[in-house]
Structures are given as C-alpha cells and as structure tokens.
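>>> got a predicted model here, sequence first, then my questions.
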Amino acid sequence: ARPNSNVVVEVTFNGVDFETVPGPFALVAAPLVFEASPMRSAIEGGIQVTLRGESLWGELACRFGTLLVPADPPSLTGEEVTCVVPPSPGSKRGGVELCLVFNSSYEHCLVEPMEYSGPAMALAVEPR
C-alpha cells in the first residue's frame, strides 16, 4: 500500500510508561470500490471484471460470494484493479456479493450483486 504519512507507534503495559516500537510505520488509506464492470457473467466465469475506486494498492483479491481469486496488479493510479470471474459454485444462476479484499483481512463490498446467468450461447451469427 502507498503510505499517506509516517507515524510513531508506542506501547504500554501500565498506561504510564510508554516504549517506542522500532519500525517504520505508515498510515494508509483503506481501499474503496465505487463500481465494477461488467456485473454479469455466464456461470462458466472466465471473464475479466474491472473494479474502480481509490487507494487500490497492496495485496488485493476479489471475493465472488465465497470464492476468493487473486487480483491482477492495480493500475499505476491506484484507481482500477481487475480479477477473473470464477465459475459459479454448482453452476447456479443468481447474484453473489462482489468484494475487494485488502491484505487478506479488510473487505469493501459493492451494494449491487454480480449476476451469474445461464451458460454462454450464440444467439445469431452474422453474416449469414
């Protein structure tokens, strides 16, 4: 993650005597996701979804329902990250929660679910 500012960390066991923890430590803004597209995938998955937001740095992953997949490296601006949609569990249609996971612990989820639809099929072929 990109640091916003360096800080000093001190600990105490009695509330009176403080010890400085060696380090450098930095404050970082938590990643926020504003939107993702596309928000629909065939149940086979395999498409790339782009999440847009801010402070998209560090160790990132995408969670589709209960399935966690690694994110590709974020854009240089920290405003976009992509993940490949996994197959739908049990090949089921319907919505799943889409979240960005930061450092394996913090999550920021979109309000609207990502939808799995039926298997991909060609409806028409042009030219005839």
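Received the coordinates, thanks. Numbers count the residues shown, from 1 in each chain.
>>> from here on, just use CA atoms for contacts and neighbour counts.
Fine.
>>> what comes up buried for stretch 26-41?
Burial within stretch 26-41, assessed by neighbour count using 16 or more other C-alpha atoms under 10 Å, is assigned to P31, L32, V33, E35, A36, M39, R40, S41.
>>> the closest residue to C109 other than its chain neighbours: how many residues sit nearby?
Nearest residue to C109, sequence neighbours excluded (C-alpha to C-alpha, 6 or more residues apart in numbering): C99, at 3.9 Å. A total of 24 residues lie near C99 under the criterion other C-alpha atoms under 10 Å.
>>> adding distance to P127, secondary structure and pLDDT, write the buried residues of stretch 26-41 out as CSV.
Output for the buried residues of stretch 26-41, formatted as CSV (distance: C-alpha to C-alpha, whole Å; DSSP: H, G, I helix; E, B strand; the rest coil; pLDDT from 0 to 100):
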residue, distance to P127, secondary structure, pLDDT
P31, 46, coil, 88
L32, 44, strand, 90
V33, 40, strand, 93
E35, 35, strand, 95
A36, 33, strand, 96
M39, 29, coil, 95
R40, 27, strand, 95
S41, 26, strand, 95
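>>> and of those, the nearest to E19?
Proximity of the buried residues of stretch 26-41 to E19 (C-alpha to C-alpha) peaks at P31, which lies at 30.6 Å.
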